[in-house]
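Trainee: Prediction below, plus the sequence it came from.
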Amino acid sequence: MKITTPRLTQHVLTVEGRTTGEPVLFVHGNVSSSAFWRDSMAALPDRYRPLAVDLRGFGESDPAPVDATRGLRDWSDDLIELVEALDLDGVHLVGWSLGGGIVLQLLRDRPAAVRSVTLVNPISPYGYSGTEGPDGKLTHPDGTGAGAGAANPDFVARLKAGDMSDESPTSPRNVLRSAYVKHPDVPDEDFYVRSMLTTHVGDHNYPGDPVTSPEWPGVAPGKYGVLNAIAPTHLRLDDLHEIDPKPPILWIRGADDVIVSDESLFDLAHLGVLGVVPGSPGTPAQPMVTQTRAVLERYGPYREVVLEECGHSPHLEHPAEFQRLLADHIGEA
């Protein structure tokens with residue numbers, strides 16, 4: 001269904017016949033859409049009302065520009081309007097990757113509207129790349145190392161062209177196989193690749209406007225788009241411990257995630273240490289998992305579950321275990 005609010009028109013995926021019950025709102029990650037939640041939604045017990053939104057710039061929602069200087073608030077404000085428009089009283093939030101950061105931003109700004117939070121391999125509360133240590137210290141004041149300039153240009157081009165092939169390591173299909181999951185045997189692969197290809201590509205959406213920097217590795221955050229919105233100069237969620245009330249948080253992550261980890265293969269600093277990006281001065285990798293844990297420990301009511309033999313997408317790789325963990329968590333909440 002489509003829901004129009006003053007900010008934009010959002011597409012919301014639902015399960016036929018499930019129009020009542022406690023609302024569970026699923027929020028997808030970067031370069032994906034609500035389609036990635038299809039099976040998780042259907043598996044929820046009947047007492048819940050599952051909904052999954054296409055974020056602005058993804059899926060069938062409006063490709064409205066993303067003001068990166070607001071961090072994640074363009075998306076979280078969209079969701080707040082959606083929650084209000086649908087009269088979702090006491091919503092359970094489930095956020096994957098980028099979506100994990102977005103639901104934390106919503107929690108930060110509207111804690112009373114949230115009944116529980118489930119984070120699935122979320123981005124760090126200090127953004128993506130450009131920071132060091134558990135407290136998210138900026139490597140450079142301008143956020144060098146983060147932003148749209150860090151995106152692989154061939155992947156962006158193939159995404160824009162709607163490439164369904166597996167002819168290149170940077171094709172969306174091969175990125176799904178090598179980064180989204182640990183073992184490249186996800187059923188219905190075409191379905192998920194098509195979801196990835198709904199990403200709106202451009203300077204105002206994915207990846208955003210690239211900006212150069214005189215410091216290594218030569219890129220810094222711009223003002224628009226997805227990767228700039230998660231730059232550490234625009235996103236910091238290290239004050240979650242100050243909100244009230246504090247609904248319970250379940251953090252589920254794959255042990256073998258190469259996208260969000262303390263040594264991410266998508267973090268230019270770590271790639272520099274490995275020698276993949278030449279000229280590195282030895283800038284340490286962003287300890288993304290350690291940073292998330294530090295913020296949640298200050299927050300209080302949270303539980304971390306690590307799934308072995310699992311990459312970035314527990315809901316696709318270990319669906320039965322994921323569904324059990326989610327149902328138990330929202331049931332207890």
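Mentor: That came through, no problem. What you see is a predicted model, and the numbers here were worked out from it, not measured in a lab.

Trainee: and Leu25, what helix or strand is that in?
Mentor: For Leu25, the host element (DSSP states H and E) is strand 22-27.

Trainee: ok, then the element right after that strand?
Mentor: helix 38-42.

Trainee: neighbouring strands for the helix or strand that that following helix is followed by, and are they parallel or not?
Mentor: Next helix or strand after helix 38-42 toward the C-terminus (DSSP H and E): strand 48-53. According to DSSP bridges, strand 48-53 forms sheet pairs with strand 9-14 (antiparallel), strand 22-27 (parallel).

Trainee: now, of the ones you listed, which is deepest in the fold?
Mentor: strand 22-27 (a mean of 24; mean count of other C-beta atoms under 10 Å). In this view, the C-beta of every residue, glycine as well, is placed from N, C-alpha and C.

Trainee: what does that one rub up against?
Mentor: Here strand 22-27 makes contact (C-beta atoms under 8 Å, 6 or more residues apart in numbering) with 34, 37, 40-41, 44, 47-53, 55, 79, 82-83, 86, 88-96, 99-100, 102-103, 115, 330.

Trainee: Is it possible to mark the buried ones in the residues you listed?
Mentor: In the contacts of strand 22-27, burial by neighbour count holds for 34, 37, 40-41, 44, 48-53, 55, 79, 82-83, 86, 88, 91-96, 99-100, 102-103, 115, 330, counting by 16 or more other C-beta atoms under 10 Å.

Trainee: Test my guess that Pro319 contacts Arg38.
Mentor: No. Using C-beta atoms under 8 Å, Pro319 is not in contact with Arg38; the gap is 10.8 Å.

Trainee: Which phi and psi values does the most centrally placed residue in the chain adopt?
Mentor: Centroid check for the chain by C-alpha atoms, centre = their mean gives Leu98 as the closest residue, at 1.4 Å. Main-chain dihedrals, Leu98, degrees, to the nearest 10: phi -50, psi -40.

Trainee: gap between it and Leu106?
Mentor: Here the criterion is C-beta to C-beta, to the nearest Å. By it, Leu98 lies 13 Å from Leu106.

Trainee: Report how many residues lie close to the closest residue to Asn228 other than its chain neighbours.
Mentor: Closest residue in space to Asn228, ignoring its immediate chain neighbours: Ala68 at 3.5 Å, by C-beta to C-beta, 6 or more residues apart in numbering. Ala68 has 27 neighbouring residues, counting by other C-beta atoms under 10 Å.

Trainee: With Ser61 instead?
Mentor: 24.

Trainee: What distance do you get for it to Pro111?
Mentor: 25 Å.

Trainee: just Ser129 next, same as before
Mentor: From Ser129 across to Pro111, the span is 28 Å (C-beta to C-beta).

Trainee: Please say which of the two ends up with more neighbours.
Mentor: A count of neighbours by other C-beta under 10 Å puts Ser129 above the other of Ser129 and Pro111, at 29 against 16.

Trainee: With that, I have no additional questions.
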